[in-house]
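*Asks:* Sequence isn't available, so here's the structure alone:
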């Protein structure tokens, strides 16, 4: 993990194997495909379902402070617990869970580099079933740190003023408007394309073939080539905010950019807005 | 228990890139197909042989990808 701005937020599969039974460590699997955990998981790990346990079930929103506290209490996580997150698809939703944990001020939360894929590929020990519950805690979350999250008015203002670097992390075909959702998934927006001025830097470019993050130098080059160098605020977005939380994690913690927000409304919000400016095709504007 | 015989392969289905991941846990074979970019899961199946799970995963992936419209 050497070279990253905040290496303490990443752990290796080796580290997890050594600490899986440490009572001060809680390992949680968060998958895109919530059935993956049932196949077998890191020994001692519990699972959170992104669509039911990490989202408000009435409004479209992340957890409220109270809901977040309840989840952590029920999961046996205390304020001083080291929380390690991992998941499928190179940690898409693990990063989303980390983003929420940071919003609510959990001090020590980390990602297992390479995620579920690397654990399986390395032939590491798996466990099935749900591990014995840990005693509930009296977890206290902080007030939401909204400096990590962008809402629509902030994005509209930044787009109009050109005051932030917009990073669209979806696939190139979603960016151009050729498709309205990832191939094979339902279309969830009325219009295709991207926020005018956004740069296309698909999230997966930040990963090696084994699912681990690329080196600091490689990541720096990747984003700098698109004019995203940390010298001005960055807004990352995708379709529903999970892929962009992965990029948010890379920019904020691996590269150490100070002002990075995740716009979780993302294209399912912007692409459904009446009258919102939309650019189709390849990125037109040079990085501003 | 661990994942064994872990393999990955990349295929083209009707112009879409698909990543196929197959492995065995105990006696059960698992296979999932994802669309390489962005990487979302298209199919996840399990069964008693590698050939069976890969064929099923590819069939489901093909069905899902067949619903994708290109707006060009």
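*Replies:* All right, it came through fine. It should be emphasised that the depicted structure is a prediction, and the values quoted were computed from it without experimental measurement.

*Asks:* Check which helix or strand the spatially most central residue of chain B maps to.
*Replies:* For chain B, the residue nearest the mean C-alpha position is residue B:33 (2.2 Å; Cα atoms, centre = their mean). Following DSSP states H and E, one finds residue B:33 within strand B:28-35.

*Asks:* That strand close to chain A?
*Replies:* Yes: Strand B:28-35 comes into contact with chain A (Cβ under 8 Å from any Cβ of the partner chain), by way of B:28, B:30, B:32, B:34-35. Yep, even glycine has a C-beta here, placed from its N, CA and C like the rest.

*Asks:* elements contacting that strand?
*Replies:* For strand B:28-35, the elements it packs on are helix A:36-39, strand B:16-25, strand B:41-47, helix B:50-65, judged by 3 or more Cβ pairs under 8 Å, 6 or more residues apart in numbering or on different chains; DSSP states H and E.

*Asks:* Go through these and name the closest to residue A:171.
*Replies:* strand B:16-25 (9.9 Å; Cβ to Cβ).

*Asks:* about what we covered before: which neighbours does the strand holding residue B:33 have in its sheet, and in what orientation?
*Replies:* strand B:16-25 (antiparallel), strand B:41-47 (antiparallel) (DSSP bridges).

*Asks:* thinking again about what came up before, pick out the lowest-pLDDT one from the residues of strand B:28-35 next to chain A.
*Replies:* Minimum pLDDT for the residues of strand B:28-35 next to chain A is recorded at residue B:35 (84).

*Asks:* Quick check: the closest residue to residue A:281 other than its chain neighbours vs residue A:3, distance?
*Replies:* Spatially, and ignoring its direct neighbours in sequence, residue A:281 is nearest to residue A:176 (5.3 Å; Cβ to Cβ, 6 or more residues apart in numbering or on different chains). Residue A:176 sits 34 Å away from residue A:3, going by Cβ to Cβ, to the nearest Å.

*Asks:* between the two, who's got more neighbours?
*Replies:* Higher neighbour count among residue A:176 and residue A:3: residue A:176, with 20 against 11, using other Cβ atoms under 10 Å in any protein chain shown.

*Asks:* Identify the residues contacting the more buried one.
*Replies:* Residues near residue A:176 by Cβ atoms under 8 Å, 6 or more residues apart in numbering or on different chains: A:192-194, A:280-282.

*Asks:* Model confidence for it, exactly?
*Replies:* At residue A:176, the pLDDT value in this model is 95.

*Asks:* repeat for residue A:157
*Replies:* We have a pLDDT of 98 for residue A:157.

*Asks:* pLDDT wise, what is the spatially closest residue to it that is not a sequence neighbour at?
*Replies:* Spatial nearest neighbour of residue A:157, excluding adjacent residues (Cβ to Cβ, 6+ apart): residue A:163 at 7.5 Å. We have a pLDDT of 96 for residue A:163.

*Asks:* Check the one 3 residues further on too.
*Replies:* Per-residue confidence for residue A:166 comes out at a pLDDT of 97.

*Asks:* now do the one 3 residues further on
*Replies:* Residue A:169 is assigned 96 on the pLDDT scale.

*Asks:* how about the nearest residue to it, chain neighbours excluded?
*Replies:* residue A:203 (4.1 Å).

*Asks:* Now the one you found. Its backbone dihedrals?
*Replies:* As for residue A:203, its main-chain torsions (degrees, to the nearest 10) stand at phi -50, psi -40.

*Asks:* As JSON lines, the helices and strands packed on strand B:28-35 with mean pLDDT, distance to residue A:155 and mean neighbour count would be great.
*Replies:* Listed next are those as JSON lines, based on pLDDT from 0 to 100; distance: least, Cβ to Cβ, whole Å; neighbours: other Cβ atoms under 10 Å in any protein chain shown:
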{"stretch": "helix A:36-39", "mean pLDDT": "93", "distance to residue A:155": "32", "mean neighbour count": "19"}
{"stretch": "strand B:16-25", "mean pLDDT": "94", "distance to residue A:155": "30", "mean neighbour count": "20"}
{"stretch": "strand B:41-47", "mean pLDDT": "92", "distance to residue A:155": "28", "mean neighbour count": "21"}
{"stretch": "helix B:50-65", "mean pLDDT": "95", "distance to residue A:155": "31", "mean neighbour count": "18"}
